[in-house]
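S.K.: Quick one, structure for this:
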Amino acid sequence: MNKFEQIKADKDGLDVLPDILRYAEEGWEAITEDDKARMKWYGLFFRKHTPGFFMMRLRIPNGIASAEQLRALADITHDFGREEMDITTRQQVQLRWFRIEDVPTIFDRLRGVGIEHRQTGMDNIRGVMGCALAGLSQHELVNASPVVRSLSRRLAGDKAFSNLPRKFNVSITGCVENCVPAASQDLALVPAARETAHERKLGFNVHVGGKMGSGGFTPTRPLNVFVGPEQAEEVSAQIIFVFRDNGLRESRSKARLAFLLDEWGIERFRAELEARCGWELDPAGLDLRRTYEADHVGVTPLRERDRYAVGLAVPVGRLSATQVRTLADLSEAYGDGTARFTPGQNVVLTGVAGAHLRALFDEPLLVQLRLDPPPSVRGTVACTGIGLCDLALTDTKAHALAVARQLEHMLPASGRPLSIHWSGCPAACGNHQAADIGLQGGKARIGDQVEEVYQVFVGGRLGPAARPGQQLLAQVPAADVPRIVEQLATAHANGANLLEVGATVVIGAA
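M.R.: A predicted model of the protein is given here:
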C-alpha cells in the first residue's frame, strides 16, 4: 500500500474538517504531514515554497459564476490574500496567499454565495467542465450545463466519491466546436445523435480514459455508448464507481483510468458498466463534433436574437481583485449577470444586447482584457509555476507572458490561431502536449549551474482527431526558449506544419 492509500485508509479526507478548524486556532505549524494531504479534500493546499500561506481551489461548474460570486471572490482575495486569482485550465478558480487562521471565515463566505470547495484536489473528481456558452450557443445541440451542475452537487461531500485510486477529470458538453478538451478527460460526454426507426435523439457519446501527465497525453477512447441527457448523470456516476472499485492503486503513476482500460480492454469495461447500470446501454450514435477548436474569445452571436457573448483574453489566466469586481459590475450592467471561465483561462460576458456592445467596448477593463488579443496572447496557457506550486520546476507564468508579449509584435494580428501551452512539470496542468507549441519545465545542470529548462513539443491537437504533441527538443535553457518559440510561431504563422519544420529548428538550436 503506497503512502496515500494508507492516509485514506486511516481517515477519509472528508473527515478532516474538524482538524482544519482546530489548526485554524493552533496555527499552520501544528498541521501533520498526513493532514496536509487530507486538507486537499476541502480544497485547501499547503504550499512548501510559501510556508504559512495556503492556496484554495474552488469548483465553478461549467465555468459559470454569478456576479454575486465574483464579488465574493474579489473580497476574499482583497481581505485575506494578495489581490490575485487564477483561472485554471479546468474553468475553476484558485485563491492564494491566505493564512490558516482565515480559513473558517473564507469557508463561510464561500458557502454564503454557493461556491463549493470540497474534493478539488487529490484523489477526487475535479471540477466538471462544459462549454462556456452552454444554454446560449448557436452551435450547441444539447444544453449540458444542468447535467454538469447536478453531477457536481451529487459528488461534493459524498464519501461514495471521496476515495478514488487517483484524480478523475470529467467534461460534459453539447457544443460541437471542441471548446472543451474532451480528449484529455478520464470521462468525456460529447455531442452525438442516435437514430432509430422511430426517432432521432440528441445526446452524448461516451469517451473514457484520456489523461495528461502520468506518462504523457493519452487521448480518450470511445466506449460505444450513447446516453441521453436524462441518463448522463447516472452513467457518469457508475463509470466513476467502476474506476473506484477496480482502479490500480499500487502505483500512483499507474492509477489513472487509462491504465485500467489498458488492462481490461474496452469491452470488459463496457460490460461491467452495463451490469452496474441495470439496463441495456445504447451503442454510440453519430459524433457531431466539428474539426476546429473554438475559444469563445471575441464577439459571438448567441441563439437569442440580438444577444452576444464577449470573450476577453486574460493574460496567463491571472486576474486582480479589482478586475474580478469590475467583471461582476460589467456582467450586470451589460449582460445577464454572469461571467464564464474557459479552458483557455479566459473569461466571457454573456447576454449582451447589440445596442450595448459599443459602450462595453469602451470600458477601461477591455484595455487590459482585450476582446481582440494578438494570437500569441490569445492562445497562451500557463500553469501556476514554481514558487506557488509544490511540483513546478520553472516560472511558467512569467516565461509564458514574456514570450507572448514578445511575439505580439512579430506575428500578424489576424494570423492563424496559435496555441502555446506551458507546464512547469510532467503533471501537465498546462496541457502542453495538446498545443501547437508545448513546453514542459524541468531542471538540468548546465556547466556549474542548475538551471530552469524546457522540453519543447509541437503538433498537439484536441478534438475528434486528437494527438499528442511530439517532443522536438529537450533541456532547452529558459533563456533560449523565446528564440525557439519565435522560430516555431513564425513558421506556423506562415502556414508551415510544425511537425515538418521541426528538424530545421532543431538544427538551428544546435
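
S.K.: drop to CA atoms for contacts and neighbour counts, all remaining ones
M.R.: Noted.

S.K.: and the residue positioned nearest the centre of the chain, which of the three is it?
M.R.: With distances taken as Cα atoms, centre = their mean, Arg90 lies nearest the centre of the chain, 1.9 Å away. Following DSSP: H, G, I helix; E, B strand; the rest coil, we place Arg90 in the coil state.

S.K.: quick one: secondary structure of Thr77?
M.R.: With three-state DSSP as the criterion, Thr77 reads helix.

S.K.: Run a quick neighbour tally on it.
M.R.: Thr77 has 23 neighbouring residues, counting by other Cα atoms under 10 Å.

S.K.: Please apply the same query to Phe4.
M.R.: 18.

S.K.: secondary structure element for it?
M.R.: Here Phe4 sits within helix 3-10, counting by DSSP states H and E.

S.K.: Can you give me the buried ones in that helix?
M.R.: For helix 3-10, the neighbour count (16 or more other Cα atoms under 10 Å) marks Phe4, Glu5, Ile7, Lys8 as buried.

S.K.: Now that we're looking at Ala510, what pLDDT does it have?
M.R.: For Ala510, the model assigns a pLDDT of 53.

S.K.: What of Val148?
M.R.: According to the prediction, Val148 has pLDDT 98.

S.K.: ok, now the one 10 residues further on?
M.R.: According to the prediction, Asp158 has pLDDT 98.

S.K.: Show me what the helix holding Phe4 is packed up against.
M.R.: If contacts are counted by 3 or more Cα pairs under 8 Å, 6 or more residues apart in numbering; DSSP states H and E, helix 3-10 sits against helix 33-38.

S.K.: hmm, who's touching the helix it packs on?
M.R.: Ile7, Lys8, Asp12, Gly13, Leu14, Val16, Asp19, Phe45, Phe46, Met122 (Cα atoms under 8 Å, 6 or more residues apart in numbering).

S.K.: Tabulate those (a markdown table), appending pLDDT and distance to Glu332.
M.R.: Compiled in a markdown table, the contacts of helix 33-38 are given as follows (pLDDT from 0 to 100; distance: Cα to Cα, whole Å):
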| residue | pLDDT | distance to Glu332 |
| --- | --- | --- |
| Ile7 | 97 | 45 |
| Lys8 | 97 | 44 |
| Asp12 | 97 | 41 |
| Gly13 | 97 | 38 |
| Leu14 | 98 | 36 |
| Val16 | 98 | 38 |
| Asp19 | 98 | 39 |
| Phe45 | 97 | 33 |
| Phe46 | 96 | 35 |
| Met122 | 96 | 36 |
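
S.K.: ok but Val190 is inside a strand, no?
M.R.: Yes - membership of Val190 in a strand is supported by three-state DSSP.

S.K.: How many residues are close by it?
M.R.: Val190 has 30 nearby residues by other Cα under 10 Å.

S.K.: Was I right to think it contacts Gly285?
M.R.: No - in this structure, Val190 is not within contact of Gly285 by Cα atoms under 8 Å, at 10.5 Å.

S.K.: residues shared between the contacts of those two?
M.R.: With contacts taken as Cα under 8 Å, 6+ apart, the residues that reach both Val190 and Gly285 are Phe204, Asn205.

S.K.: which non-adjacent residue is nearest the residue nearest to the centre of the chain?
M.R.: Pro343 (5.5 Å; Cα to Cα, 6 or more residues apart in numbering).

S.K.: so who does the one you found touch?
M.R.: Thr88, Thr89, Arg90, Gln91, Cys179, Val180, Pro181.

S.K.: ok, these vs Asp158, which is closest?
M.R.: Among the contacts of Pro343, Arg90 lies closest to Asp158 (Cα to Cα), at 21.3 Å.

S.K.: got a list of what that closest one touches?
M.R.: Taking Cα under 8 Å, 6+ apart, one finds Gly63, Gly127, Val128, Met129, Thr342, Pro343 in contact with Arg90.

S.K.: Report the separation between it and Ala491.
M.R.: Distance of Arg90 to Ala491, given as Cα to Cα, to the nearest Å: 30 Å.

S.K.: now swap in Arg405 and tell me
M.R.: Note on Arg405: its distance to Ala491, by Cα to Cα, is 18 Å.

S.K.: Same check on Gly27?
M.R.: From Gly27 to Ala491 the distance is 54 Å (Cα to Cα).

S.K.: Among the contacts of helix 33-38, which lie within strands?
M.R.: Mapping these onto strands (DSSP state E) picks out Phe45, Phe46.

S.K.: of the contacts of helix 33-38, buried ones?
M.R.: Buried by 16+ other Cα under 10 Å: Ile7, Lys8, Gly13, Leu14, Val16, Phe45, Phe46, Met122, out of these.

S.K.: Do I have it right that Arg71 meets Ala328?
M.R.: Yes - counting by Cα under 8 Å, Arg71 touches Ala328, with 6.4 Å between them.

S.K.: Kind regards, and thank you for your time.
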